Every structure is written in C-alpha cells, then in structure tokens.
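Enquirer: Okay, sequence plus prediction incoming.
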Amino acid sequence: MMTIRPFEYTDADYEAFAAMERAIWPGYPDTVEEWRHRDGTRDTGVLFCRYLVEVDGTVVGSGLCCDTWWSKMPGKYYVSCDVHPEFRHQGIGTALYDQLTDLLAEHEAMTLVARTREDQAGGLRFLSKRGFKQVMRSPISLLDVVGFDAGRFADTVLQVAERGIEIVPLARVAAADPEWKHKLWALTCELYLDVPSRDPLTRQTFESFEERSLGAPGFNAEAHFVALDGDQWVGTSSLWMPQGEPDKLYTGLTGVVRSHRRQGIATAIKVRGIAFARQVGAKIIHTDNEENNPMYGLNLRLGFEPQPAWLDFQKELDRTMPGGGVGSGR
C-alpha cells in the first residue's frame, strides 16, 4: 500500500531519504549531515514542504514544493518529485504531483519551476506532459585532475602575477584580516549579479551567507581562493569537499569583478584550484555552468569534459484552471 506523508526530520527519515536520493542520483551521494545543514539554514517564514512516499513501509519517493529563495518572485515556487528507479511507472509521481499542486493552489501559485537532467527521459516526459517549457540549459562538466596539464596555462598565470594580482587561499586571508567574511560576502554578492538566471537572483544577507555557506559541512577555507589586487578583492573560485565522495571536489562560484575581466585572472585562479585538488588527492572536479556563460567556455579550454546537462523548466499557471506540474529533479 502506498502512503504519502510529511517528512518528519527524524534520524530515520533523513537516513531513508538520503539513501533513496543516492539511488536516484548516484553522482550526488549527499550525506545526512549535508541534508540537515541545508534544511537547518533555510530562510524562515517561507513555504517549504517535503513529503515522503512509502510502499509497505519502505521510502520509495519524495516530493517538495518551496519558495524560490534564491530568486524570490511573488507566486513563484519550485517543485520536484523523485521516485526510486525500482518503483517508477506505478503512479507515484502523479500522486506526488497532485499533493503538491493542491497545496500550491492554496498559496495562489502563479509560476512553477522545476529541474531535471537531460538524460532523465522519464522526468522530461513528465514535465512536458504537464506543460512545462525548458528555459535554461546548464551542462555538467568533469575534469580529470591527474591528467591536467598546468603547463599549457603557465604563460597566463605568469602574466597575471606580473600585473600584481595575487591569488591566495582564503585561509591565509582569514588569518590576517578580521573582516574577511564580510569582504567575501560582498564580493560574492557582486559576482552573483552576472550569474545567468531566468529571474533576478535575490541578494543574500550576510547572516545567511555565513551560516549557509561558510558553515556548510563541505566548506574548507584552504579550498577557496581569492584574487587580490593590492587590498581589493577582485575574484574568487571555490571548491567544495563532499563528505560522500573523498575523490571528488565540486566547484562553487568562480568569478572576477567587471573591472578586472579579460586579463586571465579567472584562468589563473582556476589553475590554482586544480593544483590544490591534486595536492589533496582528488581525482575529479565536478562543475556545471549555463551553456552561454563564458565560464563554461573557460572550463572546456581547461580540459573539462561535458556531461548531460541540468535543464531548468518553467510553467505559468492559469489560476482559473486546475493544473501544475513537476518532474524528477534536484
């Protein structure tokens, strides 16, 4: 018998949920601690509803609807349904869809956004059937750290250094500058103005940035790098260290302020990060970028190999008609 119930935030629910998500997305083995951190640092006072689906007491699916905290717009909500591969084509996704859209109807939802990966044929069909349209494509790409040839970029790295740009680990800056957290936050906010997005990204408060990013389980100040032009912070690139994959690093935000672009700084800071990855024994660096973002082109030049892309979808709702939709996604 199938049962849909609210997620209870217990150890048992987290463990079952994390195990199911790893089965659905084997390339993202997030741990219970990582899921707890994300849930514990959410904005307060916003909609966030997670459900679990059980079949004969076994968790086989999850549904989520929430405010788009990263891009707050009136009436705009994110929705997702994940179903264990062994339990698909049994109506579970449809049942979750009904649960989510009934709830969102009470909140007068006007726009739904969802995400899946282009190699997930079932998720793509689910979204298309419910009227979602693709609005953005972000290819995943992977770098073979061991095979990376830093010598190809030695001239660029040297030229950046000769211009007086110093690239240093965040840990070194933190040891010398008591204002480092605020400076990193200010730089991050400035760089996010140019991150591709369907709708404007919401500026994160310092308190949220400190708790959500600097307090994350995968944060390591030795794995974050900043580019300094004297006292000015002009660029950054971050690597995150997932608990469930000791041989892999994930790239977070990489960017350079507008006044210092097209000078090779992004290349130099990425090369420094790859050197760090080799030092700690990582074999793969994982990232994704919107396909028209110049950073994607830089990653390809560095040797990152394209993988199936994340696809963002959107649906405008007619409040006078029932409807809505959701596909498998993260």
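Expert: Happy to help now that I have it.
Enquirer: Restricting to C-alpha, output the helix or strand hosting Glu207 in PDB.
Expert: When elements are assigned from DSSP states H and E, Glu207 belongs to helix 206-209. What follows is the C-alpha trace of helix 206-209 in PDB, where atoms were taken according to Å, rounded to 0.1, in the frame of the first residue of the first chain:
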ATOM      1  CA  PHE A 206      25.500  38.400   5.400                       C
ATOM      2  CA  GLU A 207      24.000  36.300   8.200                       C
ATOM      3  CA  SER A 208      22.500  33.800   5.800                       C
ATOM      4  CA  PHE A 209      25.800  33.600   3.800                       C
END
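Enquirer: So what touches that helix?
Expert: With contact meaning CB atoms under 8 Å, 6 or more residues apart in numbering, helix 206-209 is reached by 41, 43, 181-182, 185, 188. C-beta here means a position set from N, CA and C on the backbone, and glycine is covered the same way.
Enquirer: Just the buried ones out of these, please.
Expert: Under a neighbour-count criterion of 16 or more other CB atoms under 10 Å, the subset of these counted as buried comprises 43, 181, 185, 188.
Enquirer: between those residues, which is nearest Arg115?
Expert: Asp43 (19.3 Å; CB to CB).
Enquirer: what sits against Ala32?
Expert: One correction, residue 32 is Val, not Ala. Listed by CB under 8 Å, 6+ apart, the contact partners of Val32 are 11, 14-15, 18.
Enquirer: From the structure, what's the count of residues near the spatially closest residue to it that is not a sequence neighbour?
Expert: Counting by CB to CB, 6 or more residues apart in numbering, Tyr14 is the residue found nearest to Val32 once chain neighbours are left out, at 4.5 Å. Tyr14 is flanked by 18 other residues according to other CB atoms under 10 Å.
Enquirer: As a check, name the ranges of all strands in this structure.
Expert: Across the chain, reading from the start of the chain, the strands by DSSP state E fall at 2-6, 48-55, 58-67, 76-83, 111-117, 133-144, 165-169, 224-229, 232-240, 248-256, 284-288, 305-316.
Enquirer: Could you export those strands to a markdown table, including columns for distance to Leu103?
Expert: Shown next, in a markdown table, are the strands of the chain (distance: least, CB to CB, whole Å):
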| stretch | distance to Leu103 |
| --- | --- |
| strand 2-6 | 11 |
| strand 48-55 | 6 |
| strand 58-67 | 6 |
| strand 76-83 | 9 |
| strand 111-117 | 12 |
| strand 133-144 | 23 |
| strand 165-169 | 45 |
| strand 224-229 | 38 |
| strand 232-240 | 32 |
| strand 248-256 | 32 |
| strand 284-288 | 29 |
| strand 305-316 | 16 |
